[in-house]
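Colleague: mind folding the following:
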Amino acid sequence: MAKVAREMVEKAGVDVDKLLELLVKNAAAELTTYYYYTILRFNLIGLEGETVKEIAETARVEDQNHFEALVPRIYELGGKLPDDMVEFHNISACRPAKLPPDPRDINAMLTVLVDAERCAVRGYTQICNMTAGKDHRTYDLAQAILNEEIEHESWFSEFLGEGPSGHFLRRGETSPFVSKFLR
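Modeller: Next up, the predicted model:
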């Protein structure tokens, strides 16, 4: 644990225990979303499914990266991940992005995907609001993840016909905002 890091965050007025709770719950959401997106991606078949598969794969890989980037910060602040995977799954900040009853219903699949991203946007916005100007490292990390989650949401919402977002699929690059935390 980085004792001075926790001390400085506490002195800045952040409830570190509450922050750790949010970070762990969001890490659980990232790992479970990675798992469920794996299942969703394999079920994106047919002409309509194939059109979504590439963005679902990018979001899936980036969610794994988000998990990997969050874990060091959790431990730096004196937190830890639960010892039990079922417990970790069940404390997720977002509900599971499970396969819809009819996996051939592309709109149902997209709704699962966009709902997961919207939950993530809310979670990282909350962390940014809590840490802005107080915990620069956590804020920077949460903001980087938030930027990628907003792009994920926009990709899926465009497929649902909710309007243009101005965001484009990344080619050959994943986690452009979070990659600096993975070194």
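Colleague: what segments of the protein are helices?
Modeller: 3-11, 16-42, 46-76, 85-90, 106-131, 136-159 (DSSP state H).
Colleague: got those as TSV, with mean pLDDT and mean neighbour count columns?
Modeller: Every C-beta, even on glycine, is put in place using the N, C-alpha and C of the backbone. Shown next, in TSV, are the helices of the chain (pLDDT from 0 to 100; neighbours: other CB atoms under 10 Å):
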stretch	mean pLDDT	mean neighbour count
helix 3-11	94	14
helix 16-42	97	20
helix 46-76	95	19
helix 85-90	97	12
helix 106-131	97	19
helix 136-159	96	21
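Colleague: ok, which of these comes nearest residue 175?
Modeller: helix 46-76 (4.3 Å; CB to CB).
Colleague: give the other helices and strands that that closest one contacts.
Modeller: helix 16-42, helix 106-131, helix 136-159 (3 or more CB pairs under 8 Å, 6 or more residues apart in numbering; DSSP states H and E).
Colleague: distance to residue 74 for those - can I get that in CSV?
Modeller: CSV is the format used below for the helices and strands packed on helix 46-76 (distance: least, CB to CB, whole Å):
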stretch, distance to residue 74
helix 16-42, 5
helix 106-131, 12
helix 136-159, 10
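Colleague: these: which one's closest to residue 98?
Modeller: helix 16-42 (5.9 Å).
Colleague: out of the helices and strands packed on helix 46-76, the one nearest residue 99 is which?
Modeller: Of all those, helix 16-42 comes closest under CB to CB, at 5.6 Å.
Colleague: the closest one packs against which elements?
Modeller: Helix 16-42 sits against helix 3-11, helix 46-76, helix 85-90, helix 106-131, with contacts defined as 3+ CB pairs under 8 Å, 6+ apart.
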